[in-house]
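In: A predicted structure for the sequence below; I have some questions about it.
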Amino acid sequence: MIFSTLIGVMKRKKTRPEPAEQICGENSQLSSAVSSQEPLTQNKDRGSDMGKERIKIDFLIHDLKVPLAVVEAGIKSLLTRQDKYGKLTEKQEKVLRRALRNTKITQTLVSDALELGRSREGVVHSISCNISELIRGAFLEIFDLTDDRLSEEIRACPDLSRLKQILLDHGVELRVEENFWDREVCLDEPKVKQIFRNLLNNALKYRRHSVEVEIIEEKGALVLSVSDDGEGIPQEYHQRIFECYFQMNGEGSCPVRGHGL
């Protein structure tokens, strides 16, 4: 920009313009140079504003976790400490369990929103994690919301063989070797658990009868796959399903809806 401006001035000196014309020409060049910088400045300002707005949203989402945890603890106390807080009727217990389920759903949405923000930023926090705790935790997060009894059975499982049998009784085949089940791996636990939970949750929603979860080691890496016997996703949507909030507009026979996260 500076070099081109100097060339312009030198050419004008050869034609000996009037002082007023020369000043006008230089002012025009200066205005043009300033104008060309404005989009860059505006884009930078917009990016900065978006970053600040994202931080505010992240803080707001994070602040929602505390009151939700208090609500969850209160409902659990009413359900489990009836000797202290008073006996519940069957109808009252049903209402409280529904409230507890929806509180957990809201907590899951809040956690997903936080992880979504981290994913957009490309942030990865790898830590040492036990495979069994990761997988069991994802199953519990799903069944805590849909099947209290199954959730308690999974929580009380003493070993892998018993867990496999319980899941198989509910149409989920868990394929993993015993010597691999308690291995430690390095990964971003919240993010991987969220991905696995979403895959598993979708498989459970859209299956006809069964779901298969396989965990293997391949070339020093953990390979976790989820499959189901449902209709599947049409070829034309294979790329679009990775777009945030994308849904297939209820195509197919399954009436289940989600958020597209």
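Out: Done, it's in. Numbers count the residues shown, from 1 in each chain.
In: can you give me the strands in this structure?
Out: Under the criterion DSSP state E, the chain contains strands at 127-130, 172-175, 184-187, 211-218, 221-228.
In: Report the angle between the last one and strand 211-218.
Out: Using axes from the mean of the first three to the mean of the last three Cα atoms, to 10 degrees, the inter-axis angle of strand 221-228 relative to strand 211-218 is 160 degrees.
In: so how many other residues sit close to residue 200?
Out: Applying other Cβ atoms under 10 Å, we find 21 residues neighbouring residue 200. C-beta coordinates here come from the backbone N, C-alpha and C atoms, glycine included.
In: Contact partners for it?
Out: Residue 200 makes contact with 138-139, 142, 211, 213, 226 under the criterion Cβ atoms under 8 Å, 6 or more residues apart in numbering.
In: Looking at those, point me to the pair that's furthest apart.
Out: Based on Cβ to Cβ, the longest span within those runs between 138 and 211 and measures 12.6 Å.
In: about what we covered before: from the contacts of residue 200, pick the one nearest residue 199.
Out: For the contacts of residue 200, the nearest to residue 199 is residue 226 (4.3 Å; Cβ to Cβ).
In: neighbours of the closest residue to the closest one other than its chain neighbours, just the number please.
Out: Ranked by Cβ to Cβ, 6 or more residues apart in numbering and with sequence neighbours excluded, the top spatial neighbour of residue 226 is residue 199, at 4.3 Å. For residue 199, the neighbour count with other Cβ under 10 Å is 18.
In: Also residue 79?
Out: So residue 79, with other Cβ under 10 Å, has 16 neighbours.
In: One more: residue 71?
Out: Residue 71, neighbours per other Cβ under 10 Å, totals 16.
In: Also residue 92?
Out: Going by other Cβ under 10 Å, the residues that sit close to residue 92 add up to 13.
In: residues in contact with the closest residue to residue 172 other than its chain neighbours?
Out: Spatial nearest neighbour of residue 172, chain neighbours left out: residue 211 (4.8 Å); criterion: Cβ to Cβ, 6+ apart. Residue 211 makes contact with 171-173, 200, 203-204, 226-229, according to Cβ under 8 Å, 6+ apart.
In: separation between residue 166 and residue 147?
Out: Distance from residue 166 to residue 147, counting by Cβ to Cβ, to the nearest Å: 11 Å.
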